[in-house]
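J.: Prediction below, plus the sequence it came from.
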Amino acid sequence: MTEALDLTGRDSDAGSEEVVLTPAELIERLEQAWMNEKFAPELLESKSEIVECVVEQLDHMEENLRRAKKGDLKIEKFFPHILAKEKTLHEGELSSLSPEELVFAKQYMANTETYLKNVALKHMPPNLQTVDLLRSVPKPDLDSYVFLRVKERQENILVEPETDEQRDYVIDLEEGSQHLIRYKTIAPLVASGAVQLI
Amino acid sequence: MDAAEVEFLAEKELVTIIPNFSLDKIYLIGGDLGPFNPGLPVEVPLWLAINLKQRQKCRLIPPEWMGVEKLEKIRDHERKEETFTPMPSPYYMELTKLLLNHASDNIPKADEIRTLIKDVWDTRIAKLRVSADSFVSQQEAHAKLDNLTLMEINTSGAFLTQALNHMYKLRTNLQPSEGIQSQDF
């Protein structure tokens, strides 16, 4: 019964990519997406298609589980920046929020603004009554250090110096090796699936 | 990540059991298992093996590296080398803990194995402490940690990354900010 599943890309205008996965590979992808999201300092691409396929499988198996929605407070912590990024999304770029998450983020923003207004801003002098959430809410810290395991060999990754005396140097990432490095340098590799955060 | 979550990932590892019941092949999302015949060894994921053992439906076979001589060799090798040596399983700690807790009757010389594994773990954690110390004091930007298992990384990982983040922030604030963005209050 290990039938193959079709995993269709979200953007059908750009030509949908169909990847055929076994259920076991699907679970493996789900675990990897879960771990990457857990250890990354910023919100990663929403993997709704994996969630949907797994849910189909689970329903089929008469299970009652739902993957814990991504966020673990990340949406609440960084909401103005996430919503600003959504607004400026270009054609063909994938959203980092699923439709339900987008609704949640917008409602959270509206609620926070209302709350701030009613509790504090109303009572302040008129020319100080606006608050710019983008500037007052901290941005995700992309300079955080993360542990990673390399899935596909990469060459010439630039490592920036920590102190003034050090120079930039490049390293190669061997397949299967593990590293500790700042998130910023390897962020695109996480998105492409070439490394796995641990 | 909690230790419990690392154990969850470790429970996917396959171990050999000898069931005392029979069952046709079962089709799970993660793959097919079985068929189960009494007295015939079969490979199943650790989570299922532990569950069956708790319900007294099987006997567990320890993995071939879980023997006193093998582990002594591993322990001595680890003590000799300055870097981390490859471990017989990326989840050796979780496997030994679960198997020894639930199936010590199926594993010969369980106590000695416990001691040996603890020795290996202590040696590796000491090496990890030393290398984390030099990472920080020499202000390196990158570290390669092959052969470290997830449980070991997880023990000091959260603390280490947070400490490094703070230090990075302190360091970058020392330099005059040309390109550095800071948020105004």
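T.: In hand now; what should we look at? Keep in mind that what you see is a predicted model, and the values were worked out from it rather than measured.
J.: Can you name the residues of chain B that neighbour chain A?
T.: B:1, B:9, B:27-32, B:135, B:139-148, B:150, B:153, B:157, B:160-161, B:164-165, B:168-169, B:171-172, B:175, B:183-185 (CB under 8 Å from any CB of the partner chain). Yep, even glycine has a C-beta here, placed from its N, CA and C like the rest.
J.: out of everything not next to it in sequence, what's closest to the residue nearest the centre of chain A?
T.: What sits nearest the mean C-alpha location of chain A, by CA atoms, centre = their mean, is residue A:44, with 1.0 Å. In space, residue A:44 comes closest to residue A:37 once its chain neighbours are excluded; the distance is 5.4 Å by CB to CB, 6 or more residues apart in numbering or on different chains.
J.: Does the one you found lie in a helix or a strand, and which?
T.: Using DSSP states H and E, residue A:37 falls within helix A:23-39.
J.: returning to that earlier point: name the SS class of the residue nearest to the centre of chain A, please.
T.: What DSSP: H, G, I helix; E, B strand; the rest coil gives for residue A:44 is coil.
J.: residue ranges of the helices in the chain, please?
T.: I went with chain A, as the question did not name one. A:23-39, A:48-60, A:74-87, A:99-119, A:133-136, A:183-192 (DSSP state H).
J.: I was after chain B.
T.: B:3-10, B:46-54, B:68-80, B:92-103, B:110-137, B:150-174.
J.: that older thread, pLDDT at the residue nearest to residue A:44, what is it?
T.: Residue A:37 carries a pLDDT score of 89 in this model.
J.: Could you save the helices of chain B as a markdown table and add columns showing mean pLDDT?
T.: Output for the helices of chain B, formatted as a markdown table (pLDDT from 0 to 100):
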| stretch | mean pLDDT |
| --- | --- |
| helix B:3-10 | 92 |
| helix B:46-54 | 95 |
| helix B:68-80 | 94 |
| helix B:92-103 | 94 |
| helix B:110-137 | 93 |
| helix B:150-174 | 89 |
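J.: distance of the residue nearest to the spatial centre of chain B from chain A?
T.: Chain B has residue B:91 as the residue nearest its centroid, 3.2 Å off, counting by CA atoms, centre = their mean. Separation of residue B:91 from chain A (CB to the nearest CB, to the nearest Å): 13 Å.
J.: who touches the residue of chain A most remote from its centre in this structure?
T.: Computed with CA atoms, centre = their mean, the residue of chain A farthest from its C-alpha average is residue A:125, at 39.3 Å. Counting by CB atoms under 8 Å, 6 or more residues apart in numbering or on different chains, residue A:125 touches no other residue.
J.: one step back: what about the helix holding residue A:37, distance to the chain center?
T.: 13 Å (CA atoms, centre = their mean, to the nearest Å).
J.: Next, the buried residues of it.
T.: Neighbour-count burial for helix A:23-39 flags A:23, A:25-27, A:29-30, A:32-37, A:39 (criterion: 16 or more other CB atoms under 10 Å in any protein chain shown).
J.: One more: stretch B:22-42?
T.: Applying 16+ other CB under 10 Å to stretch B:22-42 flags B:28, B:29, B:33, B:34, B:36, B:42 as buried.
J.: Alright, calling it a day.
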